[in-house]
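**Q** Next comes the sequence, and after it the predicted model I'd like to discuss.
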Amino acid sequence: MKMTGAQMICESLVREGVEVIFGILGGAILPLYDTLPQYPQLRHILVRHEQGAAHAADGYARATGKVGVCFATSGPGATNLVTGIANAHLDSVPVVAITGQVARPFIGKDAFQEVDITGITLPITKHNYLVLDVASLPSIFKEAFYLARSGRPGPVLIDVPRDVFIDQAEFHYPSKVDLPGYKPTLQGHPAQIKKAAKLINEAQRPLIIAGRGVIISGAYNELKQLAESAQIPVITTLLGISCFPESHVLSYGMLGMHGMAYANMAVDAADLIIAIGMRFDDRATAKVSGFAPHAHIIHIDIDPAEIGKNVRVDVPIVGDVKAVLQELNKLIISTEHIDWVQQLDDWRKEHPSTVIRDSEGLLPQFVIRKIYEVTQGEAIIVTGVGQNQMWAAQHYWYNKPNSLISAGGLGPMGFELPAAMGAKVGCPDETVWCIAGDGGFQMTIQELATIVQEKVAVKIAIMNNGYLGMVRQWQEMFYKKRYVATPLSGPDFVKIAEAYGFPGLRVKHKEEVVPAIEKAMEEQGPFLIDFMIEPEENVYPMVPPGAALAEVLEEPRKEVPAWSRRSTP
Amino acid sequence: MVTTKHTLIALVEDKPGVLNRMASLFRRRSFNIESIAVGRSEVPHLSRMTIVVDGTTTMVEQVRKQLDKVVDVIKVSDITGDDMIARELALIKVKATSSTRSEIIEIVDIFRANIVDVASDSVTIEVTGDEDKINSLLNLLRGFGIKEISRTGRIAMARGASGSLPVEKKSPKAQAKGQKTSR
Ligand SMILES: Cc1ncc(C[n+]2csc(CCOP(=O)(O)OP(=O)(O)O)c2C)c(N)n1
Ligand SMILES: [Mg+2]
């Protein structure tokens, strides 16, 4: 059957199981939008800025495990997507972005709203396409979705010139892709798995560091089996949080710059690191030369280019985490590491990184803990970037699989609201809490209109410290408290919520926290709480930039002046 | 960190943007690409590239893996340590007068090079060989006055029956099986 390019795209999206598209139209992509009414099964959500579309597609994808889709027009529409695409790339999130382009005869002529978006996104996409022939659309879409979701997932961009949407061709959707240059390795090499098992069976102080790869491959049970059968403590990266229940006796929280002191100490003391679906990001490893100095390292990852990139590895295993762990688990001798686990428990007692101190003022840690308590740990938490992100990672306990959505690799402020919107659209039956910074929230605040128009019941908790808090913390600690350009005013967020058409509350005192959260939960639609937290509260523990994990600083007592904090053990 | 010259051979799909993607991976790591040569391979729709870069072995290995991840790249190998045949072609335009021409021809003969064009005040020489041979010819010709040089950069291949990329007589689909491991 003959179809227009625009129909072929919609047809392809339907076949790929797409249900929701986030986007904004414009001249170049108008023919595609004009075709949407013929496909009522495709729900289009009109965002207020294309960055919101990309982040929403990302949040949708992380929450559901499906491919997130966004549309934008040529030129400024396409460039506005860039931050969101880069974010999806760094965090391995399956997103397909479709951009309109000027008509073929105008390409390369600096036509109105022409940008070379395939050129711009070349280093931040897994792959991208400029469609020059309408007949190639079905195979390109088939490939794009396959690439986005398979292997190490990532964003794929398809740039479609205006006249290609209008051109007609026969539509045949291929059943298979033909990509000779792309064959992800799924099964681990048996000899490598055997070597890894031997190291694990011989280790005295083994430690698992689990990352987002566990969540992507759905290897929750396999990870648990490995940890339990050999009694191996588990710590996670920021993006690995919720791949292993944090209430589990073998769970020791997150490692890294703002990781738990005991988790970082464990890395320092371990004689074997089993790194699973993680990529040794510098925020996780701290100073690489001081990382796990006494340990052999096993690295399981689907991306061969991650092996040995940042950290020396003794036994690399390239493959899908779930498939590799299934094989590995068969070779693990059930055992215990009583002294080692005891050691970690002692460290946790001596260095209780998640204890919240008494305070007159409203502490963000307390707010997060109360959200945990009121939601009984059943919510999906979507964070901004900065202090609010770290508090949310530290003080909510993630027992439910895939319950934290946070932008790790790129760390773009403004992720919180659109990503929470995407998550809620993808999981309408889940409670979704958006933990926002007062700075980041102002970067994508316009999406409040979208959540109202589309009735997306996101619960928003602004950690309002009146600062670009994380940067202020660095200024306090490393720039002698020179608060240059970090004090930040904002609007009255409660009035903002009202102006957009939904209710909100301001909370200044501890006693008001729980009632406010409960009020938000009772509300059918979106709800906003502006938590006026202690302005100069810091995130601890902290490994100062350039230091090794073992040099972790813990929350100083109040009488210790700021300048001496660096030397705190 | 000691850097050495590495010769990478890449088999890539003949599609727009492949060269860009590959070059971008080198640029990002501040690699200077010494030469890059691209041409058709024995398989339709596939091109073979020879890339010469200077870098530490670990850095080059890291880029090699990143190159291998590019969807349109079938396979990349670093054949530096292997026994290989490496050739380059150069065109050299040299000033020549009636009094120097015969001397130039003599040098050209010694190097088994060819004169491919003669003008009233210059000759153009074509030479193939490894970089050392071309460099020594250039050194000898310098005295006469070199007007223009154009070099192709290295193309290379492993010696022996089995190539670094065993693709002969196979379709792109078949040869890709079990060969490329990515993500
Ligand atoms: C788009 C963007 N610009 C700048 C930064 C640098 N940055 C990192 S954290 C931070 C402060 C964030 O402030 P806020 O959103 O209020 O969160 P807080 O740290 O106060 O919780 C800044 C400016 C960033 N991560 N992203
Ligand atoms: Mg703030």
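**A** Received the coordinates, thanks. Numbers count the residues shown, from 1 in each chain, chains lettered A, B, ... in the order given. Ligands and ions are numbered 1, 2, ... in the order given.
**Q** Please count neighbours and contacts with C-alpha atoms only from this point.
**A** Fine.
**Q** The longest strand anywhere in chain B pairs with which strands, and in what direction?
**A** If you go by DSSP state E, chain B has its longest strand at strand B:84-95. Counting by DSSP bridges, the strands paired with strand B:84-95 are strand B:122-129 (antiparallel), strand B:146-151 (antiparallel), strand B:155-158 (antiparallel).
**Q** Flag every buried residue along it.
**A** With burial defined by 16 or more other C-alpha atoms under 10 Å in any protein chain shown, the residues of strand B:84-95 counted as buried are B:M84, B:A86, B:R87, B:E88, B:L89, B:A90, B:L91, B:I92, B:K93, B:V94, B:K95.
**Q** so after it, what's the next helix or strand?
**A** helix B:101-110 (DSSP states H and E).
**Q** same for whichever helix or strand comes after that next one, what does it pack against?
**A** Next helix or strand after helix B:101-110 toward the C-terminus (DSSP H and E): strand B:114-118. For strand B:114-118, the elements it packs on are helix B:101-110, strand B:122-129, judged by 3 or more C-alpha pairs under 8 Å, 6 or more residues apart in numbering or on different chains; DSSP states H and E.
**Q** quick one, strand B:114-118 and strand B:122-129 angle?
**A** Using axes from the mean of the first three to the mean of the last three C-alpha atoms, to 10 degrees, the direction of strand B:114-118 lies 160 degrees away from that of strand B:122-129.
**Q** what's the closest of the helices and strands packed on strand B:114-118 to A:I215?
**A** The closest of those to A:I215 is strand B:122-129. By C-alpha to C-alpha, the value is 53.8 Å.
**Q** List the buried residues for the helix or strand just after that closest one?
**A** Sequence-wise, the next helix or strand downstream of strand B:122-129 (DSSP H and E) is helix B:131-142. For helix B:131-142, the neighbour count (16+ other C-alpha under 10 Å) marks B:E131, B:I134, B:L137, B:L138, B:L141 as buried.
**Q** hang on, A:K349 is in a helix, isn't it?
**A** Yes. Counting by DSSP: H, G, I helix; E, B strand; the rest coil, A:K349 falls inside a helix.
**Q** count of neighbours near it?
**A** A:K349: 11 surrounding residues under other C-alpha atoms under 10 Å in any protein chain shown.
**Q** if I look at it, how far off is A:D116?
**A** Separation of A:K349 from A:D116 (C-alpha to C-alpha, to the nearest Å) stands at 56 Å.
**Q** gap between the longest strand of chain B and the chain center?
**A** Between the centre of strand B:84-95 and the centre of its chain there are 11 Å (C-alpha atoms, centre = their mean, to the nearest Å).
**Q** And for that strand, what's in contact with it?
**A** B:121-131, B:134, B:141, B:144-159 (C-alpha atoms under 8 Å, 6 or more residues apart in numbering or on different chains).
**Q** one more time with 6 Å
**A** B:121-130, B:144-159 (C-alpha atoms under 6 Å, 6 or more residues apart in numbering or on different chains).
**Q** can you put the buried residues of helix B:131-142 in JSON lines and add pLDDT?
**A** Below are those laid out as JSON lines (pLDDT from 0 to 100):
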{"residue": "B:E131", "pLDDT": "93"}
{"residue": "B:I134", "pLDDT": "97"}
{"residue": "B:L137", "pLDDT": "97"}
{"residue": "B:L138", "pLDDT": "97"}
{"residue": "B:L141", "pLDDT": "97"}
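**Q** okay if I get those residues as JSON lines plus distance to ligand 1?
**A** As requested, these are exported to JSON lines (distance: C-alpha to the nearest ligand atom, whole Å):
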{"residue": "B:E131", "distance to ligand 1": "48"}
{"residue": "B:I134", "distance to ligand 1": "52"}
{"residue": "B:L137", "distance to ligand 1": "56"}
{"residue": "B:L138", "distance to ligand 1": "54"}
{"residue": "B:L141", "distance to ligand 1": "58"}
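**Q** So stretch A:305-318, near chain B or not?
**A** Yes. Stretch A:305-318 reaches chain B (C-alpha under 6 Å from any C-alpha of the partner chain) through A:A305.
**Q** now that stretch, how far from the centre of its chain.
**A** Distance of stretch A:305-318 from its chain centroid, counting by C-alpha atoms, centre = their mean, is 22 Å.
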